[in-house]
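1. show me the folded form of this:
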Amino acid sequence: MKKLKEVLVASFLLVFSFFYTNKAIEVVRNADPIMKQIKLSSSKYEVKAKNAIVMGEKIIPGVNGLEIDYEKSYQKMKKYGSYNEALTTLKEVKPAISASDYYDKYVVTTNTGKKEVALVFKIDNINDLMRISNILRNNKVTATFFIDGVILEDNALKIASLSDFEIELLNYNGSYERDFFISARNYLEDITKKEVDYCYLDYDKKEVIDLCSSLKMHTIMPSIKVEKNAYKEIKEKLRNSAIISIPSNTSVENLSSTITFLKTRAYKFLDIDSLISESIEK
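-> The predicted structure is shown next:
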């Protein structure tokens, strides 16, 4: 018992000593003129985060904020020998309400208000995939393809050649049976060497949102769903930060003219991951 008490006392003194030492270092650092000057300039760099917007079953991702990374800024300037504003280091701050905490909601657009769009294609035919990817490359724009798992299995080499596009999983032979879906997702990750993060739905379907949520995958629902004529429908419905779903059988002329129209309106083309990212820098 005596030995146990000695060990407990020694442990307490060690923890207290560690805590006291850290507090002493913090007091000295905060009194340093360099740190004081860094803190005085904090308001110049601070950008408040924008919360994600939750609307029933849907969510609009927020935008990270910015603040000074005091420790990194201080260490850089201390090494330099004096306060130097050019050495100020910033870090992003996650919003209090973030889409990264919600997998059971449909992502429908973003909260940036920027002139950006994401083109999305559902693929169940390899010829459509190769044709569309060629059109996009010729126009120097990116997009996101959601591909059926059977197409993956039969065309691994062709899909591996599309590394300049975002490739996500649509389903497996039209089904969302869990084991097949997970197997196809793992296979897609092996092919692309990238994580598969998104599911796709045109309308509310509980079995899919439940499956994708359990796998920590966000489910995308387009804000503009083209039915027939991409150029005409997008021109009528276009808005900033839109996720635009275009039929994979759309004509070359229709898709090319749509891309040209969006370019003349100064829209930036992003894949889904970039569009809905809450990072302040895309």
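
2. distance check, residue 219 against residue 207.
-> 11 Å (Cβ to Cβ, to the nearest Å). For glycine as for every other residue, the C-beta is placed from the backbone atoms N, C-alpha and C.

3. so these two - more neighbours on which side?
-> Neighbours per residue (other Cβ atoms under 10 Å) separate residue 219 from residue 207, with residue 219 holding more: 23 against 10.

4. pretty sure that one is touching residue 211, no?
-> No - here residue 219 does not reach residue 211: they are 9.2 Å apart, not a contact under Cβ atoms under 8 Å.

5. list the residues that contact both of the two?
-> By Cβ atoms under 8 Å, 6 or more residues apart in numbering, residue 219 and residue 211 have these common neighbours: residue 199.

6. what about the helices in the protein?
-> In the chain, the helices defined using DSSP state H lie at 2-31, 33-40, 42-45, 70-80, 126-138, 149-154, 156-160, 178-192, 206-214, 230-237, 252-264, 272-276.

7. can I see the domain layout of the chain?
-> 2-97, 106-276 (automatic domain parsing).

8. which of the ones you listed sits most buried?
-> domain 106-276 (a mean of 18; mean count of other Cβ atoms under 10 Å).

9. how far is it from where the chain is centred?
-> 14 Å (Cα atoms, centre = their mean, to the nearest Å).

10. next, the distance between the ends of that domain.
-> 12 Å (Cα to Cα, to the nearest Å).

11. next, format the domains of the chain as CSV and append mean pLDDT.
-> Below are the domains of the chain laid out as CSV (pLDDT from 0 to 100):
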stretch, mean pLDDT
domain 2-97, 80
domain 106-276, 94
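
12. can you pull the contacts of the closest residue to residue 139 other than its chain neighbours?
-> Leaving aside its sequence neighbours, residue 139 sits nearest to residue 259 (Cβ to Cβ, 6 or more residues apart in numbering; 4.7 Å). Each residue near residue 259 by Cβ under 8 Å, 6+ apart is listed here: 135-136, 139, 141, 269.

13. any chance of CSV for these, columns distance to residue 248?
-> Putting those into CSV (distance: Cβ to Cβ, whole Å) gives the following:
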residue, distance to residue 248
135, 11
136, 12
139, 16
141, 16
269, 17
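
14. ok, back up a step: now the helices of the chain in CSV, with distance to residue 88?
-> Converted to CSV, the helices of the chain look like this (distance: least, Cβ to Cβ, whole Å):
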stretch, distance to residue 88
helix 2-31, 16
helix 33-40, 7
helix 42-45, 7
helix 70-80, 5
helix 126-138, 39
helix 149-154, 46
helix 156-160, 42
helix 178-192, 37
helix 206-214, 39
helix 230-237, 42
helix 252-264, 36
helix 272-276, 26
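
15. and of those, who's closest to residue 115?
-> helix 252-264 (9.2 Å; Cβ to Cβ).

16. now do that closest one against helix 126-138, angle only.
-> Here helix 252-264 runs at an angle of 40 degrees relative to helix 126-138 (axes from the mean of the first three to the mean of the last three Cα atoms, to 10 degrees).

17. closest to residue 42 out of the contacts of residue 259?
-> residue 269 (35.7 Å).

18. bridging residues for the closest one?
-> Beta-bridge partners for residue 269, by DSSP bridges, are residue 117.

19. does it touch residue 143 like I think?
-> Yes - with contacts counted by Cβ under 8 Å, residue 269 reaches residue 143, the gap being 7.2 Å.

20. and for the two, which residues touch both?
-> 118-119.

21. how much space between the spatially most central residue of the chain and residue 244?
-> Closest to where the C-alpha atoms of the chain average out (Cα atoms, centre = their mean) is residue 277, at 3.2 Å. As judged by Cβ to Cβ, residue 277 and residue 244 stand 17 Å apart.

22. thank you, goodbye.
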